[in-house]
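for reference, the sequence and a predicted model appear below.
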Amino acid sequence: MSYQIPEINLKALFLGDKGENVDLFKEVLLKIVDEHVGWRQNYMPQDLPVITPFDKSSKSFQDTADHMRSVFNELSSKLRSESLPWHTAGRFWGHMNSETLMPAIIAYSAAMLWNGNNVAYESSPGTSQMEEEVGHQLAKMMSYKAGESWGHIAADGSIANLEGLWYARNMKSLPLAIKEVAPEQVEGKSEWELLNMSTEEILDIMEKIPDQLDEIKAKSARSGRYLDKLGKWLIPQTKHYSWLKAADIIGIGLDAVEAIDVDSSYHMDIEKLEARIRELAAEGTPVLGVVGVVGSTEEGQIDHIDKIVALREKLAKEGIYYYIHVDAAYGGYARAIFLDENDEFIEYDKIDEVYKKHNVFTDMKLKDEWLTEDVYNAFKAMSQVESITIDPHKMGYIPYSAGAVVIKDIRMRDAISYFATYVFEKDADIPALLGAYILEGSKAGATAAAVWTAHKVLPLNVTGYGKLMGASIEGAYRFYNFLKDRKFNVHGKVIVLHPLTKPDFNMVDYVFNEEGNTDLERMNKLNHDFFDYASYVKGSLYSNEFITSHTDFAIPDYGNSPLEFVKSLGFSEAEWDKAGKVTILRACALSPYAHDAEVFEEYAEKIANAMQDKLEKIYTYEM
């Protein structure tokens with residue numbers, strides 16, 4: 001049955017800061033539970049219940065049930081006293097956690113009753129179909145062509161990144177294997193030319209010789225061959241730590257991974273990227289691939305994906321080609337804000353018109369602060385890369401754990417595929433053979449149900465998720481503007497707040513510093529102490545009035561990219577060299593409520609008071 005999706009009201013989709021939607025939550029959840037029990041009762045109704053009234057009236061049954069109730073009382077106590085208040089409308093400005101979508105929570109809970117295992121279709125026909133559909137939805141959100149692209153849910157972004165490198169490693173080694181098995185297909189090509197063939201060219205050759213696919217794969221990097229020939233995997237300094245793990249596990253080794261400098265706004269420096277690729281080419285070292293980040297985990301910044309793609313096109317004319325993977329684990333869902341109601345990428349000069357039509361922002365001035373042509377062009381160019389990591393459990397507002405990876409060309413699956421006949425039949429005419437094409441084995445069908453349901457309720461464009469992304473970005477900019485040059489008087493000292501950089505997305509980084517302080521280590525201590533008081537480290541989470549996160553930008557990882565910011569605060573380069581890092585406070589502004597001006601203003605005063613209180617404690621006991 002199809003029906004018209006109404007204009008989405010985000011406040012109807014979350015349990016609520018104070019559980020305001022609990023009646024709706026229980027109504028739908030209980031209905032789902034009742035229908036599940038009805039399904040059990042109606043399956044083979046001639047079968048008698050195995051748990052009888054006599055069983056339920058026995059003392060051991062009652063004692064066991066009471067014991068279970070007692071354990072749940074203990075569980076509730078631990079969760080209430082030792083959990084973080086992600087749900088709050090304005091108290092939590094910290095890690096990448098937030099209120100999760102009520103439809104996703106209910107769908108996850110409901111699907112757990114069936115306990116589907118999406119590794120095998122025979123174990124989970126319903127949720128396997130959902131996962132196949134979700135993969136195509138995410139590919140469509142990236143503007144990949146329907147029918148030619150593919151995707152699936154993974155445990156998290158680290159697994160999805162590992163799969164991206166797995167694809168790149170196997171794809172890049174295939175030409176060398178083709179030369180062994182079907183040399184006529186690459187006749188006249190040197191080893192350098194083989195290692196710089198485009199992904200499309202390789203796939204076109206493989207499509208011509210399907211009968212030799214297994215033999216070619218057996219002689220590819222999968223066998224352990226050629227790993228020392230594939231070259232470098234280039235990542236920005238803002239990379240996620242999972243890339244080092246992936247290189248270790250996939251066998252190319254950590255020495256193959258190189259970090260390219262980022263600029264003072266924490267975007268990969270494209271000029272330095274080009275220079276490094278040319279240096280490598282001059283010494284005969286190919287580039288296995290380049291990673292662009294859409295939503296860096298420490299800064300939330302958006303690399304210039306369009307420039308990474310343009311550089312590849314430029315270098316391809318010189319015989320240099322690299323695979324591109326976009327790590328959009330954090331920022332991938334933000335692409336929904338650029339898709340109109342027909343899922344077409346909105347022209348830049350039409351964005352205001354579309355946003356006003358669909359009420360994507362409550363304050364278009366904040367949209368103007370956020371959206372630049374650089375950000376727009378980076379998101380647009382995502383459709384031109386081979387593979388993308390995207391995490392529903394981040395900006396998809398889905399319960400953990402739900403990562404995902406999408407690929408532009410479905411034929412790439414054959415480069416990594418395996419088949420286990422006891423799990424799936426190679427030529428079976430069913431929607432998904434997930435286990436054949438993914439790293440994981442057994443996986444929860446409940447995750448697929450949660451993501452599928454969320455996507456059904458909130459379309460992946462401006463009418464649905466785009467509004468949620470807009471709310472998050474708007475809330476981030478309200479917080480960013482709240483922080484700018486805010487001052488606190490503490491024990492005769494003036495403490496000033498300084499945002500790190502203008503956000504490309506919804507991450508707001510900042511520091512406190514004493515007016516006139518020129519000792520960077522003292523500032524770092526102040527911010528680390530503030531984190532202690534604004535986290536689980538000191539005090540009760542239950543009563544903490546402002547919670548945030550922190551990180552260090554240290555020279556071994558970031559080089560001198562933070563130097564411009566450090567100097568802007570009055571510190572010398574010698575102080576930077578001495579301290580070797582700057583400690584940053586970090587807020588992932590995911591709240592679906594803080595975009596509302598009245599809500600934010602109500603909490604702004606409370607946040608300022610909480611900050612004042614924590615600073616006073618620091619200057620009383622720590623500094």
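Alright, I've got the coordinates.

any chance you could map the strands in the stretch 251-400 of the chain?
257-260, 287-293, 323-328, 387-390 (DSSP state E, counting those that start in this stretch).

do I have it right that S220 meets K172?
No - S220 lies out of contact with K172 (Cβ atoms under 8 Å); the separation is 9.1 Å. Bear in mind the C-beta positions are built from the backbone N, C-alpha and C, glycine included.

what about S109, neighbour count?
16 (other Cβ atoms under 10 Å).

can you confirm D504 is in a helix?
No - assigned with DSSP: H, G, I helix; E, B strand; the rest coil, D504 falls outside any helix and is coil.

now do the contacts for it.
By Cβ atoms under 8 Å, 6 or more residues apart in numbering, D504 lies in contact with 300-302, 375.

neighbours of the residue lying closest to W86 once chain neighbours are set aside, how many?
The spatially closest residue to W86, leaving aside those adjacent along the chain, is N97, at 4.3 Å (Cβ to Cβ, 6 or more residues apart in numbering). Neighbour count for N97, taken as other Cβ under 10 Å: 17.

isn't N97 up against L84?
Yes - if you go by Cβ under 8 Å, N97 and L84 touch, sitting 6.8 Å apart.

ok so, going back, and the contacts of D504 as a markdown table, adding neighbour count and pLDDT?
What follows is these, written out as a markdown table (neighbours: other Cβ atoms under 10 Å; pLDDT from 0 to 100):
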| residue | neighbour count | pLDDT |
| --- | --- | --- |
| G300 | 27 | 90 |
| Q301 | 28 | 94 |
| I302 | 27 | 96 |
| V375 | 20 | 97 |
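
before we move on, the earlier item: and the strands of the stretch 251-400 of the chain, which is most packed in?
strand 387-390 (a mean of 30; mean count of other Cβ atoms under 10 Å).

got the angle for the helix or strand just after that strand vs strand 323-328?
On the C-terminal side of strand 387-390, the closest following helix or strand by DSSP states H and E is strand 403-407. Per axes from the mean of the first three to the mean of the last three Cα atoms, to 10 degrees, the angle that strand 403-407 makes with strand 323-328 is 150 degrees.

let me see the ranges of the strands in the protein.
Using DSSP state E, the strands of the chain run over 92-93, 150-154, 232-236, 257-260, 287-293, 323-328, 387-390, 403-407, 487-490, 493-499, 507-514, 547-554, 581-588.

separation between A471 and I337?
10 Å (Cβ to Cβ, to the nearest Å).

which one's more surrounded, those two?
Shown here are A471 and I337; by other Cβ under 10 Å, I337 has more neighbours (27 against 23).

correct me, but that one touches V462?
Yes - assessed by Cβ under 8 Å, I337 is found in contact with V462 at 6.4 Å.

please enumerate the shared neighbours of the two.
Joint contacts of I337 and V462 (Cβ under 8 Å, 6+ apart) are V360.

flag the shaky bits of the stretch 201-350 of the chain, pLDDT-wise.
Counting by pLDDT under 70, the stretch 201-350 of the chain has no low-confidence residues at all.

on that earlier part again, compare the strands of the stretch 251-400 of the chain and give me the one nearest L113.
strand 387-390 (27.6 Å; Cβ to Cβ).

out of the helices and strands in the protein, which is least certain?
helix 434-437 (a mean of 80; mean pLDDT, DSSP states H and E).

now I584, nearest residue through space, not along the chain?
In space, I584 is closest to D509, 4.9 Å off (Cβ to Cβ, 6+ apart).

number of nearby residues for that neighbour?
Neighbours around D509, by other Cβ under 10 Å: 26.

quick one: it from L288, how far?
31 Å.

any idea how far G157 is from G300?
G300 is 14 Å from G157, by Cβ to Cβ.

if you could redo that for A316, that was the one I meant.
29 Å.

more neighbours: which of the two?
Taking neighbours as other Cβ under 10 Å, A316 and G157 compare with G157 leading, 26 against 13.

surely that one is in contact with H240?
Yes - between G157 and H240 a contact is recorded at 7.0 Å, counting by Cβ under 8 Å.

who touches both of these two?
In contact with both G157 and H240: 327, 329, using Cβ under 8 Å, 6+ apart.

show me the contacts for P503.
P503 sits in contact with 300-301, 370, 473, 476-477, 480, where contact means Cβ under 8 Å, 6+ apart.

ok, of the residues you listed, which one's closest to M364?
W370 (10.4 Å).

so where is this structure shaky, pLDDT-wise?
Checking the chain against pLDDT under 70 turns up 1-3, 420-433.

and the gap between the spatially most central residue of it and W150?
Centroid-nearest residue in the chain, with Cα atoms, centre = their mean: A329, separated by 2.1 Å. With distances taken as Cβ to Cβ, A329 is found 18 Å from W150.

can you check E369 too?
37 Å.

the more surrounded of the two?
Shown here are E369 and W150; by other Cβ under 10 Å, W150 has more neighbours (22 against 16).

show me what contacts the more buried one?
Taking Cβ under 8 Å, 6+ apart, one finds 135-136, 139, 406-407, 410, 413, 437 in contact with W150.

show me which of those residues is closest to L254.
I407 (25.1 Å).

so where do the helices sit in the stretch 301-450 of the chain?
Taking DSSP state H, counting those that start in this stretch as the criterion, the stretch 301-450 of the chain carries its helices at 305-316, 351-358, 364-370, 373-380, 434-437, 445-457.

which of these sits most buried?
helix 445-457 (a mean of 26).
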